[in-house]
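Undergrad: Got a sequence here, can you model it:
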Amino acid sequence: MPSPRYFFNHFMPFTGYPYKGGPTVCNLCGSAETVTVAETDRRLKTLKSVACVQCGLIRTDPMPTPDELAHYYAHAYRADYQLAFAGGPPRHHLNRSAREATFRADLLAPKLKPGARVLDFGSGSGEFLAAARAKGCVAIGIEPGRDYAAYAREHHKVEVLDDADDGRFPAGHFDVISTHHVFEHLRDPAVVMERLSRWLKPDGVIYAAVPNMAATGKPPHERFHFAHVHGFVRETFDLNARRAGLVPHPEYWREDTTVVYRKTDAPVGELANPGLAERLVVELKGTPAAAYLVSGAWIWPMLRRNAKAVRDGFASR
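TA: Below you'll find the predicted structure:
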């Protein structure tokens, strides 16, 4: 069980997270000009988020260093966001992952033919890999979370790599690449999308999904997490793909930042979304943190996030 200091560092409102980070330019367009869109996250902890003035991509500022992020994911992430203190995936995660894997496999069914090569980048506990293999595909995952990768190997008998650099697979190797709620965690999402695009066959597809920062139905600050060092809306997610030579595939369903991309030879053009950053400042302006705390409106979101995890804890006893 984590120490009291851990809980203070990661849960105590109105305090910062235990990292220093550093300044960085926009990973998508290279601009250094930003506007602030948030000062706190969903725990009411201090966390500054900025939007790039040129393209609108949201990022944490200062950005955690590679070593700080590696330490966080090794020691705090699963407990922070899934209350998975014991190491393996909790039951509510497995249930949600199984439902999502079924949806993804149904959506990509035209490409998931026997013998198709499939990569799941950020494969988690392995449910989509198992669904693809059940359709006769040759499926492989990449998952740096060791406990979850181990679970996938043991329970689904699938192949999962801890990591993969640019040279791990040849160009044009995969028929289908999927990545579900991964890009928001990456320091270099544009670079990673280019890598995935290189690994994709000319007629292949990439399923990609991230949380939509423009989604309604929750207080703006609820959309910010320490684990999410980048934030996307429809325009910036498509621009991230466009830089990698990808465009939305017209034959597949999409919902904002859940989309299937295909390759294109058309010129990339300017990496810009004029006016988007200023729009996000307005849309993501939230109630001052102190006022939100006093209002008690935070209680229900907290209970909703944690109820399944607590229930799983009692069920496992």
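Undergrad: Quick one: the helices in this structure, in order.
TA: Assigned by DSSP state H, the helices in the chain fall at 4-11, 66-75, 77-82, 91-107, 127-134, 146-156, 189-199, 234-243, 276-283, 289-295, 299-315.
Undergrad: Tell me which of those sits nearest to T36.
TA: Counting by C-beta to C-beta, T36 lies closest to helix 276-283 out of the helices of the chain; the figure is 7.5 Å. C-beta coordinates here come from the backbone N, C-alpha and C atoms, glycine included.
Undergrad: follow-up on the earlier one: and of the helices of the chain, who's closest to R43?
TA: That would be helix 4-11 among the helices of the chain, by C-beta to C-beta, at 6.1 Å.
Undergrad: Output the below-cut-off pLDDT ranges for the stretch 51-200 of the chain.
TA: 78-79, 81-87 (pLDDT under 70).
Undergrad: Just give the number of residues close to K263.
TA: When neighbours are counted by other C-beta atoms under 10 Å, K263 registers 18.
Undergrad: I'd guessed it sits against W199; true?
TA: No. Contact criterion C-beta atoms under 8 Å: K263 and W199 do not qualify, at 11.3 Å.
Undergrad: need the helices of the chain in a markdown table with mean neighbour count and distance to H180, can you?
TA: Output for the helices of the chain, formatted as a markdown table (neighbours: other C-beta atoms under 10 Å; distance: least, C-beta to C-beta, whole Å):
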| stretch | mean neighbour count | distance to H180 |
| --- | --- | --- |
| helix 4-11 | 13 | 24 |
| helix 66-75 | 14 | 17 |
| helix 77-82 | 19 | 15 |
| helix 91-107 | 17 | 7 |
| helix 127-134 | 23 | 7 |
| helix 146-156 | 18 | 13 |
| helix 189-199 | 20 | 13 |
| helix 234-243 | 23 | 13 |
| helix 276-283 | 17 | 24 |
| helix 289-295 | 13 | 30 |
| helix 299-315 | 12 | 19 |
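Undergrad: which one of those helices lies closest to A116?
TA: In terms of C-beta to C-beta, the element of the helices of the chain nearest to A116 is helix 127-134, at 8.0 Å.
Undergrad: pretty sure F11 contacts R43?
TA: Yes. Using C-beta under 8 Å, F11 is in contact with R43, at 6.1 Å.
Undergrad: export the helices of the chain to JSON lines and tack on distance to A32?
TA: As requested, the helices of the chain are exported to JSON lines (distance: least, C-beta to C-beta, whole Å):
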{"stretch": "helix 4-11", "distance to A32": "29"}
{"stretch": "helix 66-75", "distance to A32": "19"}
{"stretch": "helix 77-82", "distance to A32": "28"}
{"stretch": "helix 91-107", "distance to A32": "36"}
{"stretch": "helix 127-134", "distance to A32": "37"}
{"stretch": "helix 146-156", "distance to A32": "35"}
{"stretch": "helix 189-199", "distance to A32": "15"}
{"stretch": "helix 234-243", "distance to A32": "17"}
{"stretch": "helix 276-283", "distance to A32": "13"}
{"stretch": "helix 289-295", "distance to A32": "27"}
{"stretch": "helix 299-315", "distance to A32": "34"}
